[in-house]
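Asks: Need a 3D model of the sequence below.
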Amino acid sequence: MFSAIEDNNHANISLESPIDYYLDSGASSHFIPDQELLWDYSEFPEPRVIKIAQGKIEAKGSGTLRYTVRASDGLDVNGEVHNVYYVPGITTRLLSIGQMITQGYKIELNQAGCTVRG
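Replies: Numbers count the residues shown, from 1 in each chain. Presented below is the predicted three-dimensional model:
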């Protein structure tokens, strides 16, 4: 699980109140139920149907998720995750490990936990 923090600014994740995201090695894309968190949001002409283990979901559009997290050294780190799909009604925010690696992030999983560097 990855926690980013949301502030009162439209479409920005910051260090005021946490929002949980799950890093998913099986997810084909990033999925969130919060259109208002996406910068440069663009609605798809037709919903994109995505097959998942439980059936299918429909993505209505996509955008960029901007975030700020506190690193282990106490410094605040800003970043962006691109091509995040808006899927109304889902209950879990998923970030695709494969897509994050494609976008230049380094992800290390070990017995102590998970480290994400971008």
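Asks: Next up, the contacts around the residue minimising distance to the centre of the chain.
Replies: By Cα atoms, centre = their mean, the chain has its centre lying nearest to L95, at 4.4 Å. By Cβ atoms under 8 Å, 6 or more residues apart in numbering, the contact list for L95 reads 2, 21-24, 27, 30, 81. All C-beta spots, glycine's among them, are computed from the backbone N, C-alpha and C.
Asks: From those, list just the buried residues.
Replies: The neighbour-count criterion (16 or more other Cβ atoms under 10 Å) marks 21, 23-24, 27, 30, 81 among the contacts of L95 as buried.
Asks: Rebuild those as JSON lines, extending it with pLDDT.
Replies: Output for those, formatted as JSON lines (pLDDT from 0 to 100):
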{"residue": "Y21", "pLDDT": "87"}
{"residue": "L23", "pLDDT": "90"}
{"residue": "D24", "pLDDT": "91"}
{"residue": "A27", "pLDDT": "89"}
{"residue": "H30", "pLDDT": "95"}
{"residue": "V81", "pLDDT": "93"}
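Asks: Which of the contacts of L95 sits closest to S72?
Replies: For those, the minimum distance to S72 (Cβ to Cβ) is 13.3 Å, reached by F2.
Asks: what's the pLDDT at that closest one?
Replies: Note for F2: predicted pLDDT of 50.
Asks: show me where the chain has strands.
Replies: 2-6, 17-24, 30-32, 38-52, 55-70, 76-86, 94-96, 106-110, 113-117 (DSSP state E).
Asks: Tell me if I'm right that T68 and V77 touch.
Replies: Yes - judged on Cβ atoms under 8 Å, T68 makes contact with V77 at a distance of 6.8 Å.
Asks: Comparing those two, which shows the higher neighbour count?
Replies: Each of T68 and V77 has its neighbours counted (other Cβ atoms under 10 Å); T68 has more, 17 against 13.
Asks: So what sits opposite that one in the bridge?
Replies: The bridge-partner assignment for T68, based on DSSP bridges, gives N78.
Asks: pLDDT at it, what is it?
Replies: The predicted structure scores T68 at 84 on the pLDDT scale.
Asks: I'd like the distance between it and L75.
Replies: The spacing between T68 and L75, counted by Cβ to Cβ, to the nearest Å, is 10 Å.
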